[in-house]
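K.L.:
return atomic coordinates for the entry below.
(one chain, ligands or ions: 2)
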Amino acid sequence: MSKVLVSDPIDKAGIDILSQVATVDVKTGLKPAELQEIIGEYDALMIRSGTRVTQEIIEAGTQLKIIGRAGVGVDNVDVAAATRKGIVVVNSPEGNTIAAAEHALAMMLSLSRHIPDANASVKKGEWDRKTFVGAEVYKKTLGIVGLGKIGSHVANVAKAMGMKLLAYDPFISRERAEQIGCQLVELDLLFQQADYITLHIPKTPETANLINAKTLAKMKPNARIINCARGGIIDEAALATAVKEGTIAGAALDVFASEPLGESELRSLGKEIILTPHLGASTAEAQVNVAIDVAEQIRDVLLGLPARSAVNIPGLGPDILEELKPYMELAETLGNLVGQLAGGRVETLNVTLQGDLATNKSQPLIIAALKGLLYQALRERVNYVNANIEAKERGIRVIETRDASARDYAGSLHLEATGTLGTHSVTGALLGDKEIHLTDVDGFPINVPPSKYMLFTLHRDMPGIIGKLGSLLGSFNVNIASMQVGRKIVRGDAVMALSIDDPLPDGILEEIKQVSGIRDAYTVTL
Ligand SMILES: NC(=O)C1=CN([C@@H]2O[C@H](COP(=O)(O)OP(=O)(O)OC[C@H]3O[C@@H](n4cnc5c(N)ncnc54)[C@H](O)[C@@H]3O)[C@@H](O)[C@H]2O)C=CC1
Ligand SMILES: O=C(O)C(=O)COP(=O)(O)O
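P.N.:
Ligands and ions are numbered 1, 2, ... in the order given. Alright, predicted model coming up:
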């Protein structure tokens, strides 16, 4: 049975799902060295933001197949190191969107009305109404940095509160921003005009210290900043200085450059600063959502199925996966088959998406085809995560073509592999949307479902060949399950595809190649 380590607090709903397929150990609060020592026993690791999954941890995780982040941000995981080792990294892109957006909005209103300090003052026995005079958000300008899932929900609610919305996000269109009711502007203009600035971007090299002494100086004296995204996007020392000196009016922070927050000047500031301990995703609802979302993906990967929200498999979102899953299986089977027909080292793989498939995303299919192609060389070490890297390292050139005019099947996939021993091609399609059929081998039309053990021959189409091959296989006690011949012209060249019940015994392939009329023969195990 597989073993899963859960190293941060995760809702029971997730643990229950994992327990169906694995032994689950919940060990929270581990020190890095403790985690490094035990990670080697585990097939999967489930975390939140509390566990740092460094390269050392990944190297020590020799059995790891998947790291599941029950939340959005994966900046605490060395994703590049995981990818190199073929470890899938998954997250829950939407499970805590509402929770994080509501926390940002709560922070904005709390900051405007001094709720945390007013509450503390009343609880101390005071009745001070003068100190806590606030500001309204109605008709004020909210600058949203990052108009993704959380930023968009903040925009919707803020609009309903009568705020004017500016947004900065270089990766979304003006039309999309306008649909959400935001005017897309340059960052400088947002800094200059906003009364409230809320951050909803990932921490990347581009966004690190985005809010610093220089950018703070551009803001209005009544500006208030809310950060429920990631620590390190704000230079905390510069922020503390700006608030103390009145360059801006205040800030509400849920996330910090280093967590838990240690000694910090921010702690010593008054009601202008609100601090929460990374609570954005901490609602009962969000924790159930993310736990189920990620536990299901860990379960699937441990059962050998693909994950729907893998962050290190390019172009493979849940909607795409749902649609393309059967075609990915087709691509993988064809990749494995053409790799074995080509033998030797493959240098170029031509991938042609035909018919209806031509309008689809190609990246997942190419990855699946490469996974199949590399299977003979790498066995279980190749997967959807590292297939691209492994192919690049082996110098395999991938050429993608689309041919919407091919109409034999609704959608089919054609792979052609050229290597040190020559060129071979296979085409396949799905029957009834899920049953894989080989429809062409080396340019000869056939129609057979692939089977575990197969034998292909290239021969002259002439009487007696099938009989000779049948008797030869019979004399070695090889049982033929099915057989089909594909030819282009009568008595020309032809291809024979046989499904056999067992692997071909050693030496027999050479004898088959000696049969007069047979030019070549290949065994394939799928
Ligand atoms: N405090 C908490 O507990 C939580 C924090 N988060 C954090 O919130 C952030 C946003 O999450 P989502 O909205 O779900 O992500 P998302 O991926 O839907 O949106 C992020 C947006 O940022 C934009 N972006 C990327 N680089 C940018 C740049 N340099 N400048 C401006 N925009 C840029 C992207 O185009 C995208 O639209 C993430 O950092 C996530 O980790 C998420 C959930 C809970
Ligand atoms: O989902 C995210 O990105 C978060 O920051 C939430 O973090 P958490 O799971 O609450 O430690």
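K.L.:
give me the element the residue of the stretch 401-526 of the chain found nearest ligand 1 is part of.
P.N.:
Proximity of the stretch 401-526 of the chain to ligand 1 (Cβ to the nearest ligand atom) peaks at Arg402, 27.8 Å away. All C-beta atoms are positioned from the backbone trio N, CA, C, and that covers glycine. Counting by DSSP states H and E, the element that carries Arg402 is strand 397-403.
K.L.:
from the chain's centroid, how far away is the helix or strand following that strand?
P.N.:
Following strand 397-403 in sequence order, the next helix or strand is strand 411-419 (DSSP H and E). Put simply, strand 411-419 sits 25 Å off its chain's centre (Cα atoms, centre = their mean, to the nearest Å).
K.L.:
what do you get for stretch 39-58?
P.N.:
Distance of stretch 39-58 from the chain centroid (Cα atoms, centre = their mean) equals 17 Å.
K.L.:
that one close to ligand 2?
P.N.:
Yes: contact of stretch 39-58 with ligand 2 (Cβ under 6 Å from any ligand atom) involves Arg48, Ser49, Gly50.
K.L.:
which ones among those residues also lie next to ligand 1?
P.N.:
Applying Cβ under 6 Å from any ligand atom, the subset of the residues of stretch 39-58 next to ligand 2 adjacent to ligand 1 is empty.
K.L.:
so how far is ligand 2 from the residue of the stretch 401-526 of the chain closest to ligand 1?
P.N.:
Distance, Arg402 to ligand 2, using Cβ to the nearest ligand atom, to the nearest Å: 37 Å.
K.L.:
give me every residue that touches that residue.
P.N.:
Listed by Cβ atoms under 8 Å, 6 or more residues apart in numbering, the contact partners of Arg402 are Thr352, Leu353, Gln354, Ala358, Thr359, Ser362.
K.L.:
now the residues of stretch 39-58 next to ligand 2 in TSV, with secondary structure?
P.N.:
Below are these laid out as TSV (DSSP: H, G, I helix; E, B strand; the rest coil):
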residue	secondary structure
Arg48	coil
Ser49	coil
Gly50	coil
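K.L.:
could you check which helix or strand contains Ser425?
P.N.:
Going by DSSP H and E, Ser425 is part of strand 422-431.
K.L.:
which strands or helices does that strand pack on?
P.N.:
Counting by 3 or more Cβ pairs under 8 Å, 6 or more residues apart in numbering; DSSP states H and E, the packing neighbours recorded for strand 422-431 are helix 318-342, strand 411-419, strand 435-441.
K.L.:
and the closest residue to Leu303 other than its chain neighbours, what's its pLDDT?
P.N.:
Excluding the flanking residues, the one nearest Leu303 by Cβ to Cβ, 6 or more residues apart in numbering is Val21, at 6.3 Å. For Val21, the model assigns a pLDDT of 96.
K.L.:
returning to what we had before: among the helices and strands packed on strand 422-431, which comes closest to Phe132?
P.N.:
Among the helices and strands packed on strand 422-431, the nearest to Phe132 by Cβ to Cβ is helix 318-342 (45.7 Å).
K.L.:
to which secondary structure element is whichever residue of the stretch 201-350 of the chain sits closest to ligand 1 assigned?
P.N.:
Closest approach of the stretch 201-350 of the chain to ligand 1 (Cβ to the nearest ligand atom) occurs at Gly280, with a separation of 2.5 Å. Per DSSP H and E: Gly280 is located in neither a helix nor a strand.
K.L.:
need the contact list for it.
P.N.:
Contact partners of Gly280, counting by Cβ under 8 Å, 6+ apart, are Asn96, Ala99, Ala100, His103, Ala104, Cys228, Asp254, Val255.
K.L.:
gap between the residue of the chain found nearest ligand 1 and Glu206?
P.N.:
Nearest to ligand 1, among the residues of the chain, is Gly148, at 1.7 Å (Cβ to the nearest ligand atom). Distance from Gly148 to Glu206, counting by Cβ to Cβ, to the nearest Å: 15 Å.
K.L.:
for these two, indicate the residue with more neighbours.
P.N.:
Set Gly148 next to Glu206 and count neighbours by other Cβ atoms under 10 Å: Gly148 wins out with 18 against 9.
K.L.:
which residues does the more buried one contact?
P.N.:
Residues near Gly148 by Cβ under 8 Å, 6+ apart: Asp169, Ile172, His200, Ile201.
K.L.:
do you know how far it is from Thr62?
P.N.:
Distance, Gly148 to Thr62, by Cβ to Cβ: 35 Å.
K.L.:
ok, now Pro260?
P.N.:
30 Å.
K.L.:
so those two - more neighbours on which side?
P.N.:
Between Pro260 and Thr62, counted using other Cβ under 10 Å, Thr62 has the larger neighbour count: 11 against 8.
K.L.:
helix/strand/coil for the more buried one?
P.N.:
Of the three states, Thr62 takes coil under three-state DSSP.
K.L.:
got the phi/psi numbers for it?
P.N.:
With angles defined as degrees, to the nearest 10, Thr62 sits at phi -70, psi -20.
K.L.:
quick one: pLDDT of it?
P.N.:
96.
K.L.:
up against ligand 1, what does this structure have?
P.N.:
Residues of the chain lying near ligand 1 (Cβ under 6 Å from any ligand atom): 71-73, 96-97, 100, 145-151, 168-172, 200-202, 204, 206-207, 228-230, 254-255, 278, 280-281.
K.L.:
kindly recompute the last result at 5 Å.
P.N.:
Applying Cβ under 5 Å from any ligand atom, we find that the chain lies next to ligand 1 at 72-73, 96, 100, 146, 148-150, 169, 171, 200-202, 206-207, 228-230, 254, 280-281.
K.L.:
among these, the buried ones, what's the ChimeraX command?
P.N.:
The ChimeraX selection below is limited to those of the residues of the chain next to ligand 1 classed as buried (16 or more other Cβ atoms under 10 Å):
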select :72,73,96,100,146,148,149,150,169,200,201,207,228,229,230,254,280,281
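K.L.:
now, the residues of the chain next to ligand 1 that are in helices?
P.N.:
Ala100, Lys149, Ile150 (DSSP state H).
K.L.:
surely the last one touches Ala101?
P.N.:
Yes: taking Cβ atoms under 8 Å as the contact criterion, Ile150 and Ala101 are neighbours in contact, 4.8 Å apart.
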